[in-house]
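Asker: below are the sequence and a predicted model for it; my questions follow.
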Amino acid sequence: MNPVISLRDIYVKKRLTNITLDINQGDCVHILGPNGAGKSTLLSIMAGVLAAEHGEALLLEQPLHQWPLSVLSTFRTLLAQQSEAVFAVSVKEYLSFFSSETVFELPNLLEATLEVTGFFPTPLNRLSGGERQRVEICRTLLQVWPAIKRGEAILLLDEPLQGVDIRHQYALMALFQTLCNKGNTLVLSSHDILLSANYSNTVLLMKLGTSVSFGLPESVLSVKNLEHTFDCHFAVNKRDDFLDIQVCAPIVLDQMW
Amino acid sequence: MHTVLKGRAATFLLCGVTFLLTVGVLATVWLTDSPTALKQHITLQLQIPLIITAVLVGSVLAVSGATLQIVLRNPLADPGIIGITSGASLVAATLLLLTPLWAQPYLHYILPLGCFIGALITTFVIYRLARKLLGSAVAVILSGIAISTLSGAVIAWMYMFSDAQSLRNLTFWLMGSVYQTTWPILWVSGPLIIGSLWYQIRQSAKFNRLYAGDLAALSSGVHVQQLTERSLIATAVGVGAAVSIAGAIAFVGLLVPHILRLILGHDNRILLPASALCGASLLLIVVLMSELTRAITLPVSMITATLGGPLLIWALMKGQLR
């Protein structure tokens, strides 16, 4: 099977160096790495909203810059990090602007996961950070909903869990797994190693714009790789089907006082 | 949803009533016993251009205000506040004061072109300045205020060195008036305004996507930078043409969209046409009030500010602006 997203030697000045990887249809890829590792930049490149300075980025075997933006927008979607909401647009109106249907209706699956109907009359700029994030994820998925239903969508989400409460975090992970099982391809960045270890089928570890390791969670998330990436000590245990990862010997600041 | 529908109906009704009332009041001229030739002259040469001017200027100012607010992602944006009007006024003032006597008859044609160029240049300068300042929402307003102050200073200096006739002409520009138009000016400015309105209203579905921020809009298929640049040019063309026929009219662009958002919501596919309608009605009300007071032609900015100030404060209280 041909890869959905294929990156060859991607280079962006001060952001990314030599990223080469293939992502297949139905993959659920989680990108992990410290702040400034280049996770957002990489997602922007995959989305085709940022051009690499060197290297080749292919989407369905065709260079990304050759895809017309209007075609791309029907099956590929990007959740960027939150921008400030300036206008008091109501959530319902806001979502309807991104729905492809003439009469806007929120798909049941999205409502069950994100529970945003309660915010419909609320202006966007009155939502809390986590509530806003749920609305933004909803907006991102709505944009390509017909493609998601066909199982042909490519979902690129930059820190979707940011600010979201624990119940909705697990709901989202379950939703993402369901979508991937139907054939959709998902790439997200996250800071929650434990969640990613157990809810992804592929992990990319990044540090300083380079790829440290890319592959199955249990092989990528080794103590050696994690300690190299995050510069702190980890304990990794596998119990039954569950990969337990904890930071041990956390940084102690008492001596510096 | 029902309140929105009611709001829509109310808006249409109000605009319709205003239009009919204005036409009705103006038509009373035919009830007087002046000679028919005079009545015809009044209607054809004075009243019809007056109505067309009010409608065109009001609608383009209101729609441009709405567009600028969305495109610059700043609820405070307004052709007046961000300095487009002042650039156009500066050129108008320069032309009015410095055009040599032999060229005066052609001023009608030079003026719209000049205002248009003035508006375009200030828009460009503001856009560049704002981009340099990292494109923050405040930056646009600040550079607009800087430009306005600068052109205000130049105009003030010109005031010092001009004769009485030029001074009177200039005062009209700075307060705004719909009573200075003639058919020739309308033939030049009208198409520019209509073109600008047409472009802006056609983009309204794309404008809706901009609420989500640049990257999200881009990801949903909108060429954000291209749209921003073209919209800025369209507003500069429209506002420049409006200033050339009616002077610097303050506030319409800020006021109308804000109040309409409270009534109709944020869908630009509805908001932009409604802004055009209500902006036109607002200037028709000015015409109506001038007609009814008879003795003097009221400066437009005076009335828009009188009506607009309290309404805007009301909008502020309702939490439209933060």
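Answerer: It's in.

Asker: so which strand or helix has residue B:93?
Answerer: Per DSSP states H and E: residue B:93 is located in helix B:84-98.

Asker: which other helices and strands does that helix contact?
Answerer: In this structure, helix B:84-98 packs against helix B:107-132, helix B:137-160, helix B:164-175, helix B:224-246, with contacts taken as 3 or more C-beta pairs under 8 Å, 6 or more residues apart in numbering or on different chains; DSSP states H and E. From N, CA and C alone the C-beta is placed, and that goes for glycine too.

Asker: mind redoing it with 10 Å?
Answerer: Counting contacts by 3 or more C-beta pairs under 10 Å, 6 or more residues apart in numbering or on different chains; DSSP states H and E, helix B:84-98 is packed against helix B:48-71, helix B:107-132, helix B:137-160, helix B:164-175, helix B:224-246.

Asker: and the angle for the longest one with helix B:164-175?
Answerer: Here the directions of helix B:107-132 and helix B:164-175 differ by 50 degrees (axes from the mean of the first three to the mean of the last three C-alpha atoms, to 10 degrees).

Asker: may I see the buried residues of helix B:107-132?
Answerer: B:108, B:110-116, B:118-123, B:125-127, B:129-130 (16 or more other C-beta atoms under 10 Å in any protein chain shown).

Asker: and the average pLDDT for stretch B:151-166 is what?
Answerer: Regarding stretch B:151-166, the rounded mean pLDDT is 81.

Asker: so which bits of that stretch are buried?
Answerer: Neighbour counts over stretch B:151-166 (16+ other C-beta under 10 Å) mark B:151, B:155, B:158, B:162, B:166 as buried.

Asker: repeat for stretch A:33-42
Answerer: Buried residues in stretch A:33-42 (16+ other C-beta under 10 Å): A:33, A:37-42.

Asker: what of stretch B:36-56?
Answerer: B:42, B:47, B:49-56.

Asker: also stretch B:6-19?
Answerer: Residues of stretch B:6-19 classed as buried under the neighbour-count rule (16+ other C-beta under 10 Å) are B:7, B:11, B:15, B:18-19.

Asker: where are the low-confidence patches of chain A?
Answerer: A:249-251 (pLDDT under 70).

Asker: need the strands for it, in chain order.
Answerer: Secondary structure of chain A by DSSP state E: the strands cover A:5-12, A:16-23, A:28-32, A:54-59, A:62-63, A:76-79, A:154-158, A:185-190, A:202-207, A:210-215, A:234-239, A:242-247.

Asker: to chain B, which of the ones you listed lies closest?
Answerer: Nearest to chain B among the strands of chain A is strand A:76-79 (3.9 Å), distances taken as C-beta to the nearest C-beta.

Asker: CA atoms of the closest one as PDB?
Answerer: Below are the C-alpha coordinates for strand A:76-79, written out as PDB (Å, rounded to 0.1, in the frame of the first residue of the first chain):
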ATOM      1  CA  ARG A  76      -7.200  17.300   4.900                       C
ATOM      2  CA  THR A  77      -7.700  19.400   8.000                       C
ATOM      3  CA  LEU A  78      -5.400  21.200  10.400                       C
ATOM      4  CA  LEU A  79      -6.000  22.200  14.000                       C
END
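
Asker: buried set for it?
Answerer: Buried-residue list, strand A:76-79, by 16+ other C-beta under 10 Å: A:76-79.

Asker: partners of it, with directions?
Answerer: According to DSSP bridges, strand A:76-79 forms sheet pairs with strand A:154-158 (parallel).

Asker: got the CA coordinates for the partner strand in CSV?
Answerer: Extracted C-alpha coordinates of strand A:154-158, given in CSV (Å, rounded to 0.1, in the frame of the first residue of the first chain):
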residue,chain,number,x,y,z
ILE,A,154,-6.3,13.2,6.8
LEU,A,155,-6.5,14.8,10.3
LEU,A,156,-3.6,16.9,11.5
LEU,A,157,-4.0,18.2,15.0
ASP,A,158,-1.6,20.3,16.9
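
Asker: could I get the buried residue list for that strand?
Answerer: A:154-158.

Asker: ok, now stretch A:158-177?
Answerer: A:158-162, A:164, A:168-169, A:171-173, A:175-176.
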